[in-house]
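[1] Predicted coordinates and the sequence they were generated for:
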Amino acid sequence: MDNPNIAGWSAMAQKYQSESDISTHEIHISPFGPGALSLGLITPKEGEKYLELGCGAAQNSIALDRRGVNTYAVDGSEKQLKNAISLISSSGARTKLIKSDLEKLDWLKPHAFDGVVSCFAAEFVTDFEKFIDSIYYTLKEGGVMLLATVHPLGAFEWDELEGYLRVNDYLNPPVEIWNEQINSDESALTIFRTLEDMYSVLISYGFTVESILEPTPLEDPLQSPYKGRYWEPYLQRFKKIPFSLVFTARK
């Protein structure tokens, strides 16, 4: 049976994919912001092997495939993977899809990938340390990880009228509980972690952190590889408070 977070991700699949405009030529790391490839955060080479964890409709993997990278895309939601099958077919990509709970990655092989990309999945993983350990384990020596997740400030309430964020305890960000989209007694969770908490875990598992970004919207948000109706209500907030926290790290 799917865990509540997978059930929640499945429940929002249709709305998220239909109302988000996500490029298949870039790696999206922040709504209305720049892409990871254009920023040079990672420089994948033809023939390399990349893993995407929490792929949704696999847009990032398709973007890497366009560069001649061998891509493997993982998601726990069957509904999201159905979107990925359709998008891969229409794009002509060769991306291989794998259905797996990101809490259970013990099937990964050691030293298998040149790069691992995960965008907006880590916040749904309850055991962040185990997740990072799995990524480190499956990367080749010198391999790169690109991790984009929700910024810890996203845990706090935005005052629409005054245009500022109500932060009452940054050092202990709350866990967001949401179950309105799930046909279940269980609730899905969005887990916010401070920058220090995440950085400390990456270092403890042997990663060398190469960059930390808090992307802001582009001057022309419509040029972003990640936009759409789903995100439009939050644009003014994102101009003041970053949506995402992005790490690049190397084994």
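    Structure received.

[2] contacts and neighbour counts: CA atoms only from here.
    OK.

[3] just the strands in the protein please.
    Secondary structure of the chain (DSSP state E): strands at 21-22, 49-53, 70-75, 96-99, 113-119, 139-150, 157-159, 164-166, 176-178, 188-190, 208-213, 226-227, 244-250.

[4] So which of those strands is nearest N3?
    Nearest to N3, of all the strands of the chain, is strand 188-190, at 8.3 Å by CA to CA.

[5] and the closest residue to P34 other than its chain neighbours, what does it touch?
    Residue nearest to P34 in three dimensions, not counting chain neighbours: S224, with 5.6 Å by CA to CA, 6 or more residues apart in numbering. By CA atoms under 8 Å, 6 or more residues apart in numbering, the residues touching S224 are P31, F32, G33, P34, G35, P217, L218.

[6] and P31, how many neighbours does it have?
    29 (other CA atoms under 10 Å).

[7] How about the contacts made by it?
    Counted by CA under 8 Å, 6+ apart, P31 has contacts P217, S224, Y226, K227, W231, F243.

[8] Please repeat the previous calculation with a cut-off of 7 Å.
    P31 makes contact with Y226, K227, W231, according to CA atoms under 7 Å, 6 or more residues apart in numbering.

[9] Per-residue confidence, it, what does it come out as?
    Listed pLDDT for P31 reads 98.

[10] Distance-wise, check it relative to K79.
    Here P31 is placed at a distance of 22 Å from K79 (CA to CA, to the nearest Å).

[11] what's the angle from the longest helix anywhere in the chain to strand 70-75?
    Counting by DSSP state H, the longest helix found in the chain is helix 78-91. Helix 78-91 and strand 70-75 are oriented at 150 degrees to each other (axes from the mean of the first three to the mean of the last three CA atoms, to 10 degrees).

[12] In terms of secondary structure, what does helix 78-91 contact?
    Using 3 or more CA pairs under 7 Å, 6 or more residues apart in numbering; DSSP states H and E, no helix or strand is in contact with helix 78-91.

[13] And that helix, what's buried?
    If you call a residue buried by 16 or more other CA atoms under 10 Å, then helix 78-91 has these buried ones: E78, K79, Q80, L81, N83, A84, I85, L87, I88.

[14] What would it look like as PDB? C-alpha coordinates only.
    Output of helix 78-91 as PDB, limited to C-alpha atoms (Å, rounded to 0.1, in the frame of the first residue of the first chain):
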ATOM      1  CA  GLU A  78       1.800   5.300 -10.500                       C
ATOM      2  CA  LYS A  79      -0.300   8.300 -11.600                       C
ATOM      3  CA  GLN A  80       2.800  10.500 -11.900                       C
ATOM      4  CA  LEU A  81       4.600   7.800 -13.800                       C
ATOM      5  CA  LYS A  82       1.700   7.500 -16.300                       C
ATOM      6  CA  ASN A  83       2.300  11.200 -17.100                       C
ATOM      7  CA  ALA A  84       5.900  10.400 -17.500                       C
ATOM      8  CA  ILE A  85       5.200   7.500 -19.900                       C
ATOM      9  CA  SER A  86       3.100   9.900 -22.100                       C
ATOM     10  CA  LEU A  87       5.700  12.600 -22.000                       C
ATOM     11  CA  ILE A  88       8.600  10.300 -22.700                       C
ATOM     12  CA  SER A  89       6.800   8.800 -25.600                       C
ATOM     13  CA  SER A  90       5.900  12.200 -27.200                       C
ATOM     14  CA  SER A  91       9.500  13.500 -26.700                       C
END
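
[15] Pull the residues that contact that helix.
    S10, A13, G56, A57, A58, I62, D75, T95.

[16] Enumerate every residue touching the second one.
    With contact set as CA under 7 Å, 6+ apart, A13 has these partners: K79, Q80.

[17] who touches stretch 159-176?
    P152, A155, F156, E157, W158, L189, T190, I191, F192, R193, T194.

[18] I should have written stretch 212-220 there, sorry.
    For stretch 212-220, contacts defined as CA under 7 Å, 6+ apart pick out 30, 32-34, 224, 238-239, 242, 244-248.
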